[in-house]
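[1] Could you look at this predicted model? Sequence included:
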Amino acid sequence: MASALINVPRRAKRGEIVEIKTLMSHIMETGYRRTAAGEVIPRNIVTSFACRYNGVEIFRADLFPAIAANPFITFFTVATESGKFDFEWIGDEGFSETASASITVE
Amino acid sequence: MMWARTIIVAALLVATSIGRAAEIPQAERRSGFSFMTPDTQAMQNEDTANPGMLWVLDGEALWSGKAGTSGKACADCHGDARASMKGVAARYPAFDKALARPVNLEQRINLCRSQHQQATPLAYESRELLALTAFVAQQSRGVAIETGADPQLAPFIDRGRELFLRRQGQLNLACANCHDDNWDKRLAGSAITQGHPTGYPEYRLEWQSLGSLQHRLRGCITGIRAQAYDYGAPELVELELYLMSRARGMPIETPAVRP
């Protein structure tokens, strides 16, 4: 099943500021809700997100229960060299997803 | 809180008693999209920001995955969905000869599963059924709705319309009281839209999930304090059919995003 949607420009000029957009499929269950029977529904959220650009971490975020389902995270970076962005999402119940995207810098 | 509710209900009752009770002229029809903030519109417009696309991608995988004892995938009969499914969602609900009544897109997918794939039908609002429906409907994005062209559907459209105009529930409201008569006003903070089902299955921020038109209709019916029909009930399909025929000519937006 598909889990991540990534939007990275395929090409950029050296030194250009590029926007990176990520969408991760996740229910983000807060841990505050209860079933009709009164039992707490255990928390199940993405707790952290990180992006590496050619191995170097350029962005990191901690996520909390107030963030809506299917977290959409966007940020900017400077296109310095051609290469790869690696994305990683880690969460409760052993959740771990990765994705990557390439960029050509001219 | 109770006081605020009483005012809202009173305001609605006043508004409805002087309502126009007329259908919306063709030229004044507006998709729910046009009632949204620019931020939410941008979310729908960009495929990598539109969470509904997560379901569409799942649906694409399901389309070519084998199911049931027949060992056949949707793609084995229908081929490339981009060609074979284009415009299909713009004609649903459609008349089914064997059942002698209209079926919606979800029901058609399940009929296909049980008759041709020998697979168990998928539950309404399950991730799989929503994903397949969204994938099929997305192939019609931009295609004008033409539901209801089949003359065999006429009596069912009439019944759907009757339900649309019938006051029901403890609030004694018909769909038409809001969506025909008061669509240019607001209910509490939210815009009352014209109720054109152009983008289903759609991602509602309130649901934090994709959902079907019947999910939406059941929410509305509960909102007027009436007993909602079960998923797949003929009444809901007829209402769906009337709404789609009422939106004829408007482009499909699936997967739409709504607040």
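    Looks like it came in fine. Residues are numbered from 1 along each chain as shown, chains lettered A, B, ... in the order given.
[2] Enumerate every residue touching A:Met24.
    If a contact means C-beta atoms under 8 Å, 6 or more residues apart in numbering or on different chains, then A:Met24 has A:3-4, A:46, A:49, A:70-71, A:73, A:89, A:97 as its contacts. (C-beta placed from N, C-alpha, C; glycine too.)
[3] In TSV: these, plus distance to chain B, neighbour count and secondary structure.
    As requested, those are arranged in TSV below (distance: C-beta to the nearest C-beta, whole Å; neighbours: other C-beta atoms under 10 Å in any protein chain shown; DSSP: H, G, I helix; E, B strand; the rest coil):
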residue	distance to chain B	neighbour count	secondary structure
A:Ser3	8	17	coil
A:Ala4	9	19	strand
A:Val46	14	24	strand
A:Phe49	16	21	strand
A:Asn70	4	21	coil
A:Pro71	10	20	coil
A:Ile73	11	18	strand
A:Trp89	13	24	strand
A:Glu97	12	16	strand
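[4] In CSV, list the residues you listed along with pLDDT.
    Formatted as CSV, these follow (pLDDT from 0 to 100):
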residue, pLDDT
A:Ser3, 85
A:Ala4, 92
A:Val46, 97
A:Phe49, 98
A:Asn70, 95
A:Pro71, 96
A:Ile73, 96
A:Trp89, 97
A:Glu97, 95
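[5] can you name the two of those residues that are farthest apart?
    Farthest apart among the contacts of A:Met24 by C-beta to C-beta are A:Ser3 and A:Ile73. That separation is 14.0 Å.
[6] which of the contacts of A:Met24 lies closest to B:Lys185?
    The closest of these, once distances to B:Lys185 are taken by C-beta to C-beta, is A:Asn70, at 31.3 Å.
[7] Quick one: residues in contact with stretch B:148-159.
    B:91, B:93-95, B:101-102, B:235, B:237-238, B:241-242, B:244-245, B:248.
[8] Between the two ends of it, how far is it?
    13 Å (C-alpha to C-alpha, to the nearest Å).
[9] now that stretch, how far from the chain's geometric center?
    Averaging C-alpha positions (C-alpha atoms, centre = their mean, to the nearest Å) puts stretch B:148-159 17 Å from its chain's average.
[10] quick check, nearest of the contacts of stretch B:148-159 to chain A?
    Taking C-beta to the nearest C-beta as the measure, chain A lies nearest B:Glu235 of the contacts of stretch B:148-159, at 25.8 Å.
[11] Burial check on the closest one, number of neighbours?
    Other residues near B:Glu235 come to 15 when the count uses other C-beta atoms under 10 Å in any protein chain shown.
[12] for A:Ala61, what are its contacts?
    A:Ala61 touches A:48-50, A:73, counting by C-beta under 8 Å, 6+ apart.
[13] Next up, phi/psi of residue 37, please.
    Let's take chain A. phi -80, psi 0 (degrees, to the nearest 10).
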